[in-house]
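Peer 1: curious how this folds, go ahead:
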Amino acid sequence: MESIEVITKSGKETKKLGGKLAKEIAISHMPYATGRKAYGLRRALVLSLEGELGAGKTTFTQGFAKGLGVKENPRSPTFVIMRVYEITPLNPPYFKGEKRNRFSNFIHIDAYRISTKDLKVLGWDEFSKNPKNIILIEWGNILKKAMPKKTIRIIFKHAGHSQHRLITIIQ
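Peer 2: Numbering: from 1, shown residues only. The predicted structure follows:
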């Protein structure tokens, strides 16, 4: 298991990190992105955001969504539990005008108030099997039993100063 630690010093840096990670994931999962079969999954790609209250999970998510090509600015789905956003196809320069993107839906879930049983009622089995979906779950550690083996974990911690965050990405 590989991990990377990053310290961000502001909400703006946390958003920027989210956007950068989203772009790297989207490009690495494009069909034939590097002249060989793209790194891919047969299911949705799942990211679990974990950490303290107010540690930057939603701020990171906003940058992540923008990096994927989501036009709307995601809000925390705390009371609605789940929001689904359409992803605009990426158009990197090496495709010469051809748009390709493995993902077409960004699903944002807030698991703070739900259990694994609730996740199933929301349609987890269906949307987690769709390889066109990228799913980001705030408080994903609450739903450990439902998480696929290849879930990317992102852990947020306050780091001394009120705006500083230690963000650990575990793949």
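Peer 1: can you tell me how far residue 43 is from residue 3?
Peer 2: From residue 43 across to residue 3, the span is 22 Å (C-beta to C-beta, to the nearest Å). From N, CA and C alone the C-beta is placed, and that goes for glycine too.
Peer 1: so those two - more neighbours on which side?
Peer 2: Remark: of residue 43 and residue 3, residue 43 carries more neighbours, 15 against 10, as counted by other C-beta atoms under 10 Å.
Peer 1: could you find the closest non-adjacent residue to that one?
Peer 2: Excluding its sequence neighbours, the residue lying closest to residue 43 (C-beta to C-beta, 6 or more residues apart in numbering) is residue 129, at 5.4 Å.
Peer 1: number of residues surrounding that neighbour?
Peer 2: By the measure other C-beta under 10 Å, the count of residues near residue 129 is 12.
Peer 1: so which strand or helix has it?
Peer 2: In this assignment (DSSP states H and E), residue 129 forms part of neither any helix nor any strand.
Peer 1: kindly report the same for residue 23.
Peer 2: Assessed by DSSP H and E, residue 23 sits inside helix 11-28.
Peer 1: just the CA atoms of that helix, as CSV, please.
Peer 2: This file holds the C-alpha atoms of helix 11-28, laid out as CSV (Å, rounded to 0.1, in the frame of the first residue of the first chain):
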residue,chain,number,x,y,z
GLY,A,11,-8.6,26.2,2.1
LYS,A,12,-7.4,27.3,-1.4
GLU,A,13,-4.4,24.9,-1.3
THR,A,14,-6.7,22.1,-0.1
LYS,A,15,-9.0,22.7,-3.1
LYS,A,16,-6.0,22.9,-5.4
LEU,A,17,-4.8,19.5,-4.1
GLY,A,18,-8.3,18.0,-4.7
GLY,A,19,-8.3,19.3,-8.3
LYS,A,20,-4.8,18.0,-9.0
LEU,A,21,-5.6,14.6,-7.7
ALA,A,22,-8.9,14.4,-9.7
LYS,A,23,-7.0,15.3,-13.0
GLU,A,24,-4.3,12.7,-12.3
ILE,A,25,-7.0,10.0,-11.6
ALA,A,26,-9.1,11.0,-14.7
ILE,A,27,-6.1,11.0,-17.0
SER,A,28,-4.7,7.7,-15.7
